[in-house]
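# need the 3D shape of this:
(2 chains)
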Amino acid sequence: MATIASSPRDVRPTTPAPAPPPPGARRAARFRETLAAYCTLGPNLVLVTVFLLVPLVMAVVLSFQYSTGLASLTWAGLANYRQLAGDPVFWRTVLNTAVFCVATVPVEMALGLGIALLFNKVMPARPLWRTLVYLPMVISGVATALIGTLMFDQNIGLLNKLLATLGLPAAPWQTSGSAAMASVVLITLWMRIGFNMVIYLAGLQGISPEMYEAAEVEGAGPWQRLRNITVPLLGPSTFFLLIMNVIYSFQVFDTVYVMTLGGPGHATDVMITYAYRNGFEGRQQGYAAAIGIVLYVIVMIFTALQWRFSRNRDTVG
Amino acid sequence: MAVGRRALLATAVAGAGAVGIARRSGFSPSNTGSAGADTLTFSLWGSDGEIAAFQALARAYERRHRGIRVQIRMESYQQMYTNMDALLAGGRAPDLFRCDYANLGMYSASGQLLDLSPYFGEQDRKAFLPALWEAVCHEGKPYAVPHHTDTTAVLYRKDMFRTAGITSVPTSLDEAWSWDEFTEICARLRKKLHGVYPFVYGWQQAGAFRWLTWLWQAGGRILDESRTAPAIESEAGLRALRFTQDFFRQGFVPPNSSVKSAAYPDPLFTAGTVAMSFAGDFLLPTIDPALKKDLYGVTYQPRGRQAATDLGGNAVAATRTTENPELAADFLKFLANEENMVRFCEQCVVLPTRRSLLNQHLDYAVRPDLMPVYAEQATVLTPAMTEQIAVPGFGRINSALQDELEAAFVNRQPADVTLRNIAASTRTALASA
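Next comes the predicted model:
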């Protein structure tokens, strides 16, 4: 058995240990360190305060007021929130937002992972494929949605022409609530898969190849390697994507606004489109702010729950 | 790569030069506020043709008034009112801005616009069409000048009508189809043409208020005569709503052309999806290049108990906080004088708002042969109709029309429920305006 020899206690260092600095110098060093920290953090804190905290507080205050934006403000108390509670359209938009979230988040993450696994392998023209998948993410949401309106137009759209070529009946993309929601979900998936792919690709490239080699030597098949190595080690990426995707889905606006304007009826209206229409078209800014605050609270609760219950958020991917 | 001091200095000099050149060339780094005693700032949106026409008028005004500058600031239509609200609230509004009649009431009622009473005497006021002058007034005072108007008429495909055996269309307002005749025409087109819908109506999105044309044709009103309460819950309201719901029930219009849709009349007409299109004259410059001239013509909107049409077009207003009220009012007069109105209308294919120009021949840039029908159609608009649109809360009423008509057309919401909901929203809008 190997033994570890301890160094003799009587051996003195060849150079004398530096004498502890006097208390005044220690204070000066600590002050310099604190100053440096504030100088580094300062610009960010200013930006966060000016562009995040102040508007947030103003939105909270506005949600307790009646405001048209131009006439003077009047105090409304809880009236905007009471109106929300009894507004069936608002609850419909909450439901639509949840449906949209459930329909997009798991699918875009699964497809993003699948494509990342595919593009992580050596394959011809790999950069080109990656670019093609990521491209819709680079285009603005409004432009993507405009492409969507051309594709899903019920009369002259590309998809229904394709269906007709195949001898299939035209789909009611703009007159049936579920088909309209499906069209918005499909366009969102097209737009968002590239982002999920890039994050997963980065995560995949952080996993050591030796782990796969070791697993292979131990006889693990591709599925076992994926399930027991890849997926657990992509935990931090998955956590990040889950939060980002859920926030994005709760805040979806441009795609819905351009493609369907929330219609037919209120079938595709989500919380943000409803808030926008109330705030800027109906000029009920207090009511719109109340919708925004409710949305903020929902997203914060979801994020807090994720943070609390996610086991692998701090592990290295 | 390390950045040397020389490179840094050169970049800084180049940047400063670029900013200087941009300022000299008229590019304004801040798109807000007045710009001094000898400059008028004018915010507007528009098609390329409209922007060119406004710029030409601004240069003409500058030539006439040496030392005065008119600085045009472009906005997108989608952002126009959101930006204007923010600028007005922040005290950074331009001197002048373009505004549609439906939004004007809100700005004038909230005290944001310059009262033009001292600048427009009785003679000036009488020069404009009464319905259009009424649209720019609030409590009897004018807050803008009616710069131009446009209206809706029925474009029809001659080839499709021939196929359906329809050999003639109304050639005067008096001959306009009755509602029953219009239904017969639609049924005939539906039967004879396969894969083509009889017509499309231009009530999409912000155009929801155009449905009021049917209400007025039925003899109804959305507001009572004092304009303080809804009046849509009526026999006429029911008749108009049921008649328009039937367009969808009977397949007369494309199912995706409802109020919230982005399926606008011009592309559906040029693509041959519909045989008729209720289209504004301002759409002719878009439609004309896509269709041969002899392929389509124009006729009047149907008439119910009375003839009616929609209030289109825009006014130009001066803001209350302008530093140059005299100059702003003078520019408004210049914009709306006879000569300049003719020039603008001819170039942009829209209708004039001056009485004297009503029967005058204008040399329109596109399809001048169709424009007399539009001009005649516009005459059926009465002050009683426009005053219902010029109320302060109309933006919110329009939003309610959008939601409720969509529910009636697509979700088959019963007509009485729809009218009740519109009336409730109208009441709230009037109370909070």
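# can you list phi and psi of B:Gln112 for me?
phi -100, psi -10 (degrees, to the nearest 10).
# give me the number of residues near the closest residue to it other than its chain neighbours?
With Cβ to Cβ, 6 or more residues apart in numbering or on different chains as the measure, B:Leu88 is the residue that lies nearest to B:Gln112, at 5.0 Å, once sequence neighbours are left out. Yep, even glycine has a C-beta here, placed from its N, CA and C like the rest. Neighbour count of B:Leu88, defined by other Cβ atoms under 10 Å in any protein chain shown: 22.
# swap in A:Phe64?
Number of residues near A:Phe64 (other Cβ under 10 Å) recorded here: 18.
# got a list of what it touches?
Applying Cβ atoms under 8 Å, 6 or more residues apart in numbering or on different chains, we find A:Phe64 in contact with A:Trp75, A:Ala76, A:Gly77, A:Leu78, A:Asn80, A:Gly286.
# show me which of the residues you listed are buried.
A:Ala76, A:Asn80, A:Gly286 (16 or more other Cβ atoms under 10 Å in any protein chain shown).
# could you report the distance from the second one to chain B?
Which is A:Asn80. Between A:Asn80 and chain B the distance is 12 Å, computed by Cβ to the nearest Cβ, to the nearest Å.
# next, that residue: secondary structure please.
What DSSP: H, G, I helix; E, B strand; the rest coil gives for A:Asn80 is helix.
# look up the closest residue to the residue of chain A found nearest chain B, ignoring the ones flanking it.
Nearest residue of chain A to chain B: A:Gly263, at 3.2 Å (Cβ to the nearest Cβ). Nearest non-adjacent residue to A:Gly263, counting by Cβ to Cβ, 6+ apart: B:Lys260, 3.2 Å away.
# what's around the residue of chain B found nearest chain A, how many residues?
Chain A sits closest to B:Lys260 of chain B, with a gap of 3.2 Å, by Cβ to the nearest Cβ. Number of residues near B:Lys260 (other Cβ under 10 Å) recorded here: 28.
# OK, contacts around B:Ser312?
One correction, residue B:312 is Gly, not Ser. Residues near B:Gly312 by Cβ under 8 Å, 6+ apart: B:Thr149, B:Asp150, B:Thr151, B:Thr152, B:Gly280, B:Phe282.
# who wins for most neighbours among those?
Of all the contacts of B:Gly312, the most densely surrounded is B:Thr149 (29 neighbours; neighbours counted as other Cβ under 10 Å).
# in chain B, where is pLDDT below threshold?
Applying pLDDT under 70 to chain B picks out residues B:1-36, B:433.
# farthest-separated two in the contacts of B:Gly312?
The widest separation within the contacts of B:Gly312, taken as Cβ to Cβ, falls between B:Thr149 and B:Thr152 and amounts to 11.3 Å.
# after the strand or helix carrying A:Glu33, which helix or strand is next?
In this assignment (DSSP states H and E), A:Glu33 forms part of helix A:23-48. Using DSSP H and E, the next helix or strand after helix A:23-48 towards the C-terminus is helix A:54-62.
# what average pLDDT does that next one get?
If you average the pLDDT over helix A:54-62, you get 95.
# for the following helix or strand past it, give me every contacting residue.
The helix or strand immediately downstream of helix A:54-62 is strand A:65-66, counting by DSSP H and E. Here strand A:65-66 makes contact (Cβ under 8 Å, 6+ apart) with A:Leu73, A:Thr74, A:Trp75, A:Ala76, A:Ala79, A:Asn80, A:Gln284, A:Gly286, B:Ser432.
# count the neighbours of B:Phe54 for me.
Neighbours around B:Phe54, by other Cβ under 10 Å: 22.
# so what's it up against?
Applying Cβ under 8 Å, 6+ apart, we find B:Phe54 in contact with B:Phe42, B:Leu44, B:Gly46, B:Ile72, B:Phe344.
# could the C-alpha coordinates of the helix or strand that contains it be exported in CSV?
Using DSSP H and E, B:Phe54 sits in helix B:48-64. Taking Å, rounded to 0.1, in the frame of the first residue of the first chain, the C-alpha atoms of helix B:48-64 are listed here in CSV:
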residue,chain,number,x,y,z
ASP,B,48,-44.7,56.2,-53.0
GLY,B,49,-46.9,58.3,-55.2
GLU,B,50,-48.5,60.1,-52.2
ILE,B,51,-45.1,60.8,-50.6
ALA,B,52,-43.8,62.2,-53.9
ALA,B,53,-46.9,64.4,-54.2
PHE,B,54,-46.5,65.7,-50.7
GLN,B,55,-42.8,66.4,-51.2
ALA,B,56,-43.5,68.3,-54.4
LEU,B,57,-46.1,70.4,-52.6
ALA,B,58,-43.7,71.1,-49.7
ARG,B,59,-41.0,72.3,-52.2
ALA,B,60,-43.6,74.4,-54.0
TYR,B,61,-44.5,76.1,-50.7
GLU,B,62,-40.8,76.7,-49.9
ARG,B,63,-40.3,78.3,-53.3
ARG,B,64,-43.2,80.6,-52.6
